[in-house]
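[1] No letters, just coordinates:
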């Protein structure tokens, strides 16, 4: 697995992280191409099934990016998302997938730099963890 | 007289009654029951025999009551609603009476959660008030709870518990009234450390004339140590141990704490004696039966009257 | 509603290990409302089982289907066209639903995916609490609308016991003392005197004491 390049799915809130990704782009801030962005209307819209399905299809890491604490466009979608992430982390452990492969992060719309930084950090972390056991099993 | 119970005779004669308790052993140890009961011989009028107290399995209260009866003492057979349905309760009550056990206490029982079998099912087919009704009907009407006639009805002197310190306080006198209406002949209260609160409860009891309808035995417990006082103050549901008591226990050196505990207990009895409606004392010296004699002596409760 | 909770994945995997093709069933009624066995949970479990099995080198086929009401034979009939292509059925419905499947498809192994827990109500989003034990002879009319059978840890019909402290049950700070609630309600309704009526020993025949219960409505039954 020397040339392992992780596949990372980032579910990004339309009101913050998705815009931040745009900003990173327009500011020419580099971030790893491993990160596949899926736009969602609010991080609170994330469903356990979306996350689990991403892993089932072979993702090595998943993160959900919502607004900064207290700044949710829909009041508390991001805090609900955080609780849901904790729930899914436990489920992943039950399945036999390391829960570190899933993360919740908070980014505001103006934080293009932070978006790129988070994408890089998570990609590095997952690269160190290696391919997800599901991806490995799928390849066999 | 409703029964042949020694306790009833003592109370009916107007004497201050004294009861104490004996927790059966957690094993088939006949001699241990005998040893414990010997400490109480001639000291108390009846010996409560607890029924899987704190929801820990022990020798059955019926078996231990029989042993105590055979030693010439008067067992006060405790029955909880936690472990038996009404069939088993009635069977045990008849069995107890066949051995000459004529005094009993009807209890809900501590929840299994607190004991060594938290995985067990709680029975609670009937509650303690319904048990009182059942035992009264067995005695006075000679019928089983199901309605059939009993040939050889058990004549039990019926006791119940009351906790003046639990919440809601305003219900505590009313619940006592319910127990008396159901047929309770006597009451043993939760351990009293907060005499002021007990006095307040007794005011309510007297206002309804309940002290004239049944005998109220005030419960007392000697603290063995500061740790025991703290444990009762903080850990036992429905116990009210005021800070002054804990502080007083803390104010004496460790080796003198047991003595202080006994002194507090004796002082409590002296204060309770002055409260109108208190018909006697229930001294719960948990795993400390040997101290009951000293407490009774110092509280002027010895010798026991002969009736 | 009837509440349920998913069983640990480990237990479910043990059940389905010997089989290749699983029909995973949900129910659109109670278990959907309590987020234990509706369409969404079926999807989540299918995905989880699929991955867990894949990890052990077993490729299984899971077909998902959620019935309108699994405790009703009419809806169970829907499964006829798909049952033959399954080696076993796993149901996320309550125990009633699981048994309907077992009764209808006699030669098909059926496994429960949830533990049916209690009859309860929603206290707030994501929190359900026991409210009824189906004793068959409702006492709520005399207890101020609070059930001592389902909500008192000792099922006291003439409570409260001596362990009630500050409105809480002696078994846990998180459990309300049912009798404190009953008393508060009786007071609010001006029915304090009712407390003094002794509730007689209950006839448990209606509560399962005389064996499995059945309701037959002559006007409706065929």
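    Alright, I've got the coordinates. In this text, all values refer to a predicted model and were calculated from it rather than measured experimentally.
[2] Quick one: residues contacting residue C:41.
    Going by Cβ atoms under 8 Å, 6 or more residues apart in numbering or on different chains, residue C:41 touches C:6, C:26, C:31, C:35, C:92. For glycine as for every other residue, the C-beta is placed from the backbone atoms N, C-alpha and C.
[3] Relative to chain B, how far out is it?
    Taking Cβ to the nearest Cβ, to the nearest Å as the measure, residue C:41 falls 28 Å from chain B.
[4] now do residue C:8
    The spacing between residue C:8 and chain B, counted by Cβ to the nearest Cβ, is 18 Å.
[5] neighbours of the nearest residue to that residue once chain neighbours are set aside, just the number please.
    Distance criterion Cβ to Cβ, 6 or more residues apart in numbering or on different chains; nearest residue to residue C:8, sequence neighbours excluded, is residue A:94 at 6.8 Å. A count of nearby residues for residue A:94, using other Cβ atoms under 10 Å in any protein chain shown, gives 16.
[6] for the one 3 residues further on, same thing?
    Counted by other Cβ under 10 Å, the residues lying close to residue A:97 total 26.
[7] Could you look up the SS state of it?
    coil (DSSP: H, G, I helix; E, B strand; the rest coil).
[8] show me the contacts for the residue in chain A that chain B sits nearest to.
    Closest approach between chain A and chain B, counting by Cβ to the nearest Cβ: residue A:94, at 24.3 Å. Residues in contact with residue A:94 (Cβ under 8 Å, 6+ apart) are C:8, C:9, C:10, C:48, C:52.
[9] Out of those, who's the most crowded?
    That'd be residue C:48 among those, by other Cβ under 10 Å, with 24 neighbours.
[10] show me what contacts that residue?
    Going by Cβ under 8 Å, 6+ apart, residue C:48 touches A:52, A:91, A:94, A:95, C:9.
[11] Which helix in chain C has the most residues?
    As assigned by DSSP state H, the longest helix anywhere in chain C is helix C:39-55.
[12] Apart from its neighbours in sequence, what residue is nearest residue A:14?
    In space, residue A:14 is closest to residue A:41, 5.2 Å off (Cβ to Cβ, 6+ apart).
[13] can I assume the one you found is in contact with residue A:16?
    No - with contacts counted by Cβ atoms under 8 Å, residue A:41 stays clear of residue A:16, the gap being 11.5 Å.
[14] Between these two, which has more neighbouring residues?
    Comparing residue A:41 with residue A:16 by other Cβ under 10 Å, the one with more neighbours is residue A:16, at 26 against 13.
[15] for the more buried one, phi and psi?
    Torsion angles at residue A:16 (phi, psi; degrees, to the nearest 10) stand at phi -140, psi -80.
[16] One more: residue B:10?
    According to degrees, to the nearest 10, residue B:10 has phi -60, psi -50.
[17] Which positions in the stretch 151-300 of chain B make contact with chain A?
    On the criterion Cβ under 8 Å from any Cβ of the partner chain, chain A has no neighbours in the stretch 151-300 of chain B.
[18] quick one: the helices in the stretch 151-300 of chain B?
    Counting by DSSP state H, counting those that start in this stretch, the stretch 151-300 of chain B has helices at residues B:169-182, B:195-207, B:226-234, B:243-250, B:257-273, B:292-298.
[19] one step back: could you tell me the angle between the strand or helix carrying the residue nearest to residue C:8 and helix C:39-55?
    Applying DSSP states H and E as the criterion places residue A:94 in helix A:77-95. In terms of direction (axes from the mean of the first three to the mean of the last three Cα atoms, to 10 degrees), helix A:77-95 departs from helix C:39-55 by 40 degrees.
[20] Partner strands of the helix or strand just after helix A:77-95 and their direction?
    Going down the chain from helix A:77-95, the next helix or strand is strand A:102-106, by DSSP H and E. Strand A:102-106 has the following strand partners under DSSP bridges: strand A:61-66 (parallel).
[21] And residue B:212, how close does it get to residue B:158?
    From residue B:212 across to residue B:158, the span is 17 Å (Cβ to Cβ, to the nearest Å).
[22] mind putting the contacts of residue A:94 in CSV, pLDDT included?
    What follows is the contacts of residue A:94, written out as CSV (pLDDT from 0 to 100):
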residue, pLDDT
C:8, 98
C:9, 97
C:10, 97
C:48, 98
C:52, 97
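[23] quick one: residue C:127 and chain A, what's the gap?
    Distance of residue C:127 to chain A, given as Cβ to the nearest Cβ: 13 Å.
[24] Likewise for residue B:229?
    Counting by Cβ to the nearest Cβ, the gap from residue B:229 to chain A is 42 Å.
[25] neighbours around that residue, how many?
    24.
[26] Wait, residue A:17 touches residue A:23, no?
    No - assessed by Cβ under 8 Å, residue A:17 is found out of contact with residue A:23, at 10.3 Å.
[27] what sits in contact with each of these two?
    Common contacts of residue A:17 and residue A:23, defined by Cβ under 8 Å, 6+ apart, comprise residue A:115.
[28] Which one's more surrounded, the two?
    Neighbour totals were compared for residue A:17 and residue A:23, and residue A:17 leads with 31 against 18 (other Cβ under 10 Å).
[29] In space, what's closest to the more buried one - neighbours in sequence excluded?
    Spatial nearest neighbour of residue A:17, excluding adjacent residues (Cβ to Cβ, 6+ apart): residue A:65 at 3.3 Å.
[30] Pairing partners for the one you found in the sheet, please.
    Applying DSSP bridges, one finds that residue A:65 bridges with residue A:12, residue A:105.
[31] List the residues that contact it.
    Residues near residue A:65 by Cβ under 8 Å, 6+ apart: A:10-13, A:16-17, A:20, A:43, A:104-107, A:115, A:118.
[32] Which of the residues you listed sits closest to chain C?
    Of these, the one sitting nearest to chain C (Cβ to the nearest Cβ) turns out to be residue A:11, at 16.1 Å.
[33] number of nearby residues for the closest one?
    Residue A:11 has 25 nearby residues by other Cβ under 10 Å.
[34] and if you look at the one 3 residues further on?
    Residues lying near residue A:14 (other Cβ under 10 Å) number 15.
[35] can you pull out the strands in chain C?
    C:2-6, C:21-27, C:61-67, C:88-91, C:110-112, C:114-124, C:127-132, C:168-169, C:172-176 (DSSP state E).
[36] typo on my end, it should be chain A
    Going by DSSP E, chain A shows strands at A:8-13, A:35-40, A:61-66, A:102-106.
[37] Give me the residues contacting the last one.
    Same thing as strand A:102-106. Strand A:102-106 is contacted by residues A:16-17, A:43, A:51, A:61-69, A:78, A:81-82, A:85, A:88-89, A:92, A:118, A:122 when judged by Cβ under 8 Å, 6+ apart.
[38] Got the confidence number for the residue in chain C sticking out farthest from the centre?
    Distance to the chain centre peaks in chain C at residue C:193, reaching 35.7 Å (criterion: Cα atoms, centre = their mean). Residue C:193 carries a pLDDT value of 93.
[39] Could you measure from it over to residue B:212?
    Note on residue C:193: its distance to residue B:212, by Cβ to Cβ, is 22 Å.
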